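K.L.:
Whatever this is, show me its structure:
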Amino acid sequence: MKELAEIWSELLGLPPGEIPPDVGFLRLGGDSVLAVRMSALVRKRLGVTLALSDVRVESTLNDLAELVRRHASGGASAAQALPLTVTPRPDPHAEFPLLPLQQGYFVGQQDGWELSYDSAHYYLDYALHDIDGDEAADALADALERLAAHQPTLRARVTSDGRQYVLPADAPGAVPQVRTYDLREAGPDEVAAALRDVREEMSAGGPDPTSGPGIDVRLTLLPGGEGRLHLGLSLLIFDGWSSSVLSRDLLVYVADWNAALPPLDIHFGDYVTSLADLPATAAWQADRDWWWSRLGTLPGPPALPLAADPQEVRPVTMGNREHRWSAGRWAALRRQCADRGVTPSTAMMTAFGVVLARWAGHRRMLLNSLQLNRLPIHPEVQRVVGAFAATMLLPLDLDPHASFAELATAVQATSGEHAAHNLITGVEVGRELARRRGSWRPVGPVVFQSVLGVDAAMGGGPPQDAGPLGRVVASDYFHQLRTPQVAIEVRCFELGAEMVAVFSLVEELFEPDRVAAAFAEFVTLVDALADGGGWDRAPGLPSAADPGSDDGLRLGLLPEPAVRHREGPPSDALEQAVADVFEEILEVPVLDRAADFFGLGGDSLLAVRAVVRLAKEAGASLPVREFLADSTVAGVASAVRSRTGLNETGATPAIRPGSGPNETDTTPTVRPRTGPDETGNTHGGSHLGERR
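P.N.:
The predicted model follows:
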């Protein structure tokens, strides 16, 4: 009990002797992020591995002590711990697989999804004061080189067929380079124009690990000892927790030329490789069965009215709506949440759900939630940089008669129940759900993400003193997100003692006035929660549980082409070539021209590999999106035929592509990609409910 009290003391900032053993972790100031950190500290200091499903925010110190005792003695609950061991790989530069969410980002960078981008990335710049203009650039370059040695993921690359590896530190181009803009003698107009250009360039075109580093670091020196640090981070390589670890480690190195961080015993590739044994565990199989048994009851996404079909939109960046709550208001909201036994993240998710329900006109919906998902299978997993994150599909069924407090309690229970089955990610659930529904559209295009509590889980806020870079002013920032398959996402995070919420959305999809109204409703609702008066009122939800019929475009209710082909053996040499590629990639017999790639066990990553293989076999570069639009043998052959300009006999076709004589129903007309071709790679199968 003493050791556990000391862990809680460290996490909660309370003297160990003042922690009551019968009061829940949440009521003492904890949250779900700190609970993950707690699990890691219990393993590191007590040698006891707890499953994430064991560590609940409602648990008391007495509950935790009993749980640890049962695990240590080999009791029944100890069986929940995963029998996985993370050890350094014999060859640290060998290729290893992409995790499911990485696969989704990779496919998106091929323009495989609607709402795709040529780079899935996050851009951020923030202010620096009192910078040493003569030393800053060299200090930053040196720090980045040392960081790339400490965290090998900074040297990661992704192959054209969707695998990843780490370059040796001395390989040409392995270490990211710093680009510096010296504007110390520039006037205000020149400074403003230069910053605008850098932001547009780094926002609209992010780092691509298929051709170079997954991180882009730049420094702008400004008049008067001011500056800006610019960071572009590929979502294929770094998740949100990693970006915080990376920024902190980088600033430690910048501040002190002689700084040395504790070495890491494992790296991201070691962790991913260890997961190869996960599907053979009873825990993974139980989680899969749990999710598969619920697929038939999952609702669709909120049926938000749309201004355009996502299939017809080619976004460049996502727009932001942002609000910042002061330190006092954020502290008040935390107190109100603790008094009612819900986490601040749950309160924000519930508020988002209420706003979505009013906007869509129904109260049963499927949200996509981004999760840290670092399985506690090694004591150092929290210190490692990589793309660990996963999504979780979360159904909401909001009671129109309940108070907000009752709604939040129910949402927290639902979220906890689903998070307890996190060995199957939202991408994998989304693939199976899309397969069963026969859909190629994203199943989870509306996203909630909260990293509230990350600073506390990391032991405090990031460094403010950055040596030659001066003083970091994190509150003065600019940021931009590009994540595929996402129509709208709310992100909640702390900024020092303040809290920020951002709506990031594809502007082309929604009417601006309705977005503004929804965001204003969200802010007003959260303000009422901080004041205390919003908890006991019913928030005024629609009476309809599910969306009704509507002639307008609505998210989740968009048309999908019915694709049917006459069954039978491949009808010509091209269809046979496609069938052979399917067999080669999937390692199953393919005898029917109507056989679907995904029905045979394929997924989006394997589809990219099939496209690469078809380019060699058929001599046609087929856009991934066209492959996904009709992934049958006959459909893919028809798409290839339209690209090569040949029909079955080798003559130029005189009929519309996809309406060949061997089909009883025509395949849908597919629109060629309008963007540039990529060689390589996407919070979501989306950042997010990946199609297959």
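
K.L.:
which residue packs closest to G601, ignoring adjacent ones?
P.N.:
Here the nearest residue to G601 in space, its sequence neighbours aside, is L586; by CB to CB, 6 or more residues apart in numbering that works out to 5.6 Å. From N, CA and C alone the C-beta is placed, and that goes for glycine too.

K.L.:
residues in contact with the one you found?
P.N.:
With contact set as CB atoms under 8 Å, 6 or more residues apart in numbering, L586 has these partners: 597, 600-602, 606.

K.L.:
Summarise which helices and strands the helix or strand of the chain with the lowest mean pLDDT is packed against.
P.N.:
Between all helices and strands in the chain, the lowest mean by mean pLDDT, DSSP states H and E belongs to helix 32-46, at a mean of 73. Using 3 or more CB pairs under 8 Å, 6 or more residues apart in numbering; DSSP states H and E as the contact criterion, the secondary-structure elements in contact with helix 32-46 are helix 2-12, helix 61-72, helix 454-457.

K.L.:
Give me the contact list for it.
P.N.:
Surrounding helix 32-46, the residues in contact under the criterion CB under 8 Å, 6+ apart are 3-4, 7-8, 10-12, 25, 30, 48-50, 52, 54-57, 64, 68, 72, 343, 345, 372, 374, 376, 379, 381-382, 419, 451-454, 456-458.

K.L.:
quick one on the thing from earlier: most neighbours, which of the contacts of L586?
P.N.:
Highest neighbour count within the contacts of L586, by other CB atoms under 10 Å: F597, with 27 neighbours.

K.L.:
so that one sits right up against T632, yeah?
P.N.:
Yes - with contact defined as CB atoms under 8 Å, F597 and T632 form a contacting pair (7.4 Å).

K.L.:
now the stretch 51-200 of the chain, which segments are flagged as low pLDDT?
P.N.:
Low-confidence segments of the stretch 51-200 of the chain, defined by pLDDT under 70, are located at 51-56, 71-81.

K.L.:
er, the chain actually
P.N.:
Where the chain drops into low confidence, which here means pLDDT under 70, it does so at 32, 36, 49-56, 71-81, 561-563, 645-692.

K.L.:
the strands in it, which residues?
P.N.:
96-97, 121-129, 156-158, 163-166, 178-182, 215-222, 226-234, 319-325, 364-371, 390-397, 446-450, 471-482, 488-495, 498-505 (DSSP state E).

K.L.:
Columns distance to L423 on top of these, output as JSON lines?
P.N.:
Converted to JSON lines, the strands of the chain look like this (distance: least, CB to CB, whole Å):
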{"stretch": "strand 96-97", "distance to L423": "16"}
{"stretch": "strand 121-129", "distance to L423": "26"}
{"stretch": "strand 156-158", "distance to L423": "24"}
{"stretch": "strand 163-166", "distance to L423": "21"}
{"stretch": "strand 178-182", "distance to L423": "39"}
{"stretch": "strand 215-222", "distance to L423": "29"}
{"stretch": "strand 226-234", "distance to L423": "26"}
{"stretch": "strand 319-325", "distance to L423": "33"}
{"stretch": "strand 364-371", "distance to L423": "12"}
{"stretch": "strand 390-397", "distance to L423": "10"}
{"stretch": "strand 446-450", "distance to L423": "20"}
{"stretch": "strand 471-482", "distance to L423": "27"}
{"stretch": "strand 488-495", "distance to L423": "24"}
{"stretch": "strand 498-505", "distance to L423": "28"}
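
K.L.:
So for D208, which of the ones you listed sits nearest?
P.N.:
Nearest of these to D208, taken as CB to CB: strand 226-234 at 6.9 Å.

K.L.:
what comes up buried for the closest one?
P.N.:
Residues of strand 226-234 classed as buried: 226-234 (neighbour count, 16 or more other CB atoms under 10 Å).

K.L.:
Surely D216 and L154 touch.
P.N.:
No - because the distance of 11.4 Å does not satisfy CB under 8 Å, D216 is recorded as not touching L154.

K.L.:
any residues in contact with both of these two?
P.N.:
Residues touching both D216 and L154 by CB under 8 Å, 6+ apart: P176.

K.L.:
Now for the closest residue to A607 other than its chain neighbours: which residues touch it?
P.N.:
Taking CB to CB, 6+ apart, and ignoring the residues beside it in sequence, A607 has F627 as its nearest neighbour in space, at 5.5 Å. Neighbour list for F627: 112, 597, 607, 610-611, 636, 639 [criterion: CB under 8 Å, 6+ apart].

K.L.:
re the thing from before, weed out the non-buried ones from the contacts of helix 32-46.
P.N.:
4, 7-8, 11-12, 25, 30, 48-50, 52, 54-57, 64, 68, 343, 345, 372, 374, 376, 379, 381-382, 419, 451-454, 456-458.

K.L.:
Pick out whichever of D216 and L154 has more residues nearby.
P.N.:
In this comparison of D216 against L154, neighbours counted by other CB under 10 Å, the higher total goes to L154 at 27 against 24.

K.L.:
residues contacting that one?
P.N.:
The contact partners of L154, taken as CB under 8 Å, 6+ apart, are 144, 147-148, 175-176, 213-215, 246, 385.

K.L.:
let's see it at 6 Å
P.N.:
Residues counted as contacts of L154 (CB atoms under 6 Å, 6 or more residues apart in numbering) are 148, 215.

K.L.:
quick one: it and G29, what's the gap?
P.N.:
With distances taken as CB to CB, to the nearest Å, L154 is found 34 Å from G29.

K.L.:
And for V636?
P.N.:
V636 sits 55 Å away from G29, taking CB to CB as the criterion.

K.L.:
F448 now?
P.N.:
With distances taken as CB to CB, F448 is found 22 Å from G29.

K.L.:
Next up, the contacts around W292.
P.N.:
The contact partners of W292, taken as CB under 6 Å, 6+ apart, number zero.

K.L.:
hmm, try it at 10 Å
P.N.:
W292 sits next to 424, 429, 432-433, 436 when contact means CB atoms under 10 Å, 6 or more residues apart in numbering.

K.L.:
Any buried residues in the least confident helix or strand of the chain, and which?
P.N.:
For helix 32-46, burial by neighbour count (16+ other CB under 10 Å) applies to 32-43.

K.L.:
what's the distance between that helix and the middle of its chain?
P.N.:
The chain centre lies 23 Å from the centre of helix 32-46; the measure is CA atoms, centre = their mean, to the nearest Å.

K.L.:
Then stretch 595-605?
P.N.:
Using CA atoms, centre = their mean, the offset of stretch 595-605 from its chain centre is 23 Å.

K.L.:
now swap in stretch 601-614 and tell me
P.N.:
Relative to its chain's centre, stretch 601-614 lies at 22 Å (CA atoms, centre = their mean).

K.L.:
what do you get for stretch 521-534?
P.N.:
Going by CA atoms, centre = their mean, the spacing between the C-alpha centre of stretch 521-534 and its chain's C-alpha centre is 28 Å.

K.L.:
tell me which residues in it are buried?
P.N.:
521-523, 525-530, 534.

K.L.:
tally of neighbours for A174?
P.N.:
Neighbours of A174 (other CB under 10 Å): 18.

K.L.:
who's in contact with G232?
P.N.:
Contacts of G232 were listed using CB under 10 Å, 6+ apart, and they are 119, 121-125, 201-203, 205-207, 213-218, 480.

K.L.:
which among those residues end up buried?
P.N.:
By 16+ other CB under 10 Å, the contacts of G232 give 119, 121-125, 202-203, 205-207, 213-218, 480 as buried.

K.L.:
I'd guessed Y122 sits against H230; true?
P.N.:
No - applying CB atoms under 10 Å as the test, Y122 and H230 come out as separate, 11.9 Å apart.

K.L.:
which residues does the closest residue to G568 other than its chain neighbours contact?
P.N.:
Ranked by CB to CB, 6+ apart and with sequence neighbours excluded, the top spatial neighbour of G568 is R593, at 6.0 Å. Contact analysis of R593 by CB under 10 Å, 6+ apart lists 565-572, 575-576, 578-579, 632-635, 637, 662-663.

K.L.:
from the residues you listed, which ones fall inside helices?
P.N.:
Among these, the members falling in helices (DSSP state H) are 575-576, 578-579, 633-635, 637.
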